[in-house]
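K.L.:
model this:
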Amino acid sequence: MKLEEKLKELENLVKWQDQKLNGLSLPNDEKTRLVVALIDLGLEHERSIGKLAFNKYFGSVFVLSRPLFEAYIRAVWLRNCATKEEIETFKKGKIKKTFGELIEEIEKLPGYNVQVLSDIKAQSWAIMNDFTHGGILQALGRNSVEFIEPNYPEKNILGAIDFAISVGLFLTMEVAYIVNDESFAKEVLDKMLAFSGKGP
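P.N.:
Next up is the predicted model:
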């Protein structure tokens, strides 16, 4: 698939998300507001990746992959795993667990215990950190034979957009869980299966 087609796929997802999420009635307790704020942040990163890629700011596309993933993991952990004390600590700007520990706790839960999240971390965390912090992968990706300019392999750009689509779907599923809407969750699952090539 070419970049233009992949960006259209992300654009279509964003339009569908807007249709499903705008005006949705959500619980108004403090914990849910914190969780939904992180989901909203993640969805903003998902959309920003599309806009940056469209404008060929590919270095920044890769940078946003890590905070997109972090927003999702923290939202899921706060909603499902965090104690009242841990929520209070989070409100003070701290989490006293490593990112890996958050994932471990999440993957003990039914529905999350398939090791997808820990696999993403194992395979991609070092790469995400390199791109986010301006490491060698960013430097190499901005070199061509004659110029210093973005020169990232297209397959890597497509992979970053695929990652944004995947995590965007994960984030949308969290909203379906929060509002306890089985038919919405089924729609998200159908989109996940279609995206993975396992659906109709």
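
K.L.:
list the contacts for residue 138?
P.N.:
For residue 138, the contacting residues are 59, 62, 130, 131, taking C-beta atoms under 8 Å, 6 or more residues apart in numbering as the criterion. Bear in mind the C-beta positions are built from the backbone N, C-alpha and C, glycine included.

K.L.:
check what pLDDT the spatially closest residue to residue 144 that is not a sequence neighbour gets.
P.N.:
Once its chain neighbours are removed from consideration, residue 144 has its nearest residue in residue 151; the separation is 4.3 Å (C-beta to C-beta, 6 or more residues apart in numbering). In this model, residue 151 is scored at 86, pLDDT.

K.L.:
for residue 190, same thing?
P.N.:
The predicted local distance difference test score for residue 190 is 95.

K.L.:
separation between it and residue 196?
P.N.:
With distances defined as C-beta to C-beta, to the nearest Å, the gap from residue 190 to residue 196 amounts to 11 Å.

K.L.:
need the pLDDT of residue 131.
P.N.:
Note on residue 131: pLDDT of 91.

K.L.:
is it true that it touches residue 66?
P.N.:
Yes - here residue 131 reaches residue 66: they are 7.3 Å apart, a contact under C-beta atoms under 8 Å.

K.L.:
who has more neighbours, these two?
P.N.:
Applying other C-beta atoms under 10 Å to residue 131 and residue 66 shows that residue 131 carries more neighbours, namely 24 against 20.

K.L.:
so which strand or helix has the more buried one?
P.N.:
Taking DSSP states H and E as the definition, one finds residue 131 inside helix 116-132.

K.L.:
by contact count, what packs against that helix?
P.N.:
Where contact means 3 or more C-beta pairs under 8 Å, 6 or more residues apart in numbering; DSSP states H and E, helix 116-132 is packed against helix 58-80, helix 99-106, helix 136-140.

K.L.:
need the winner for burial among these.
P.N.:
Neighbour counts (mean count of other C-beta atoms under 10 Å) averaged over each of those peak at helix 58-80, with a mean of 21.

K.L.:
how many neighbours does residue 159 have?
P.N.:
When neighbours are counted by other C-beta under 10 Å, residue 159 registers 15.

K.L.:
ok, residue 115 - how many residues close by?
P.N.:
Counted with other C-beta under 10 Å, residue 115 comes out at 12.

K.L.:
for residue 136, which residues are in contact?
P.N.:
Applying C-beta under 8 Å, 6+ apart to residue 136 gives the contacts residue 130.
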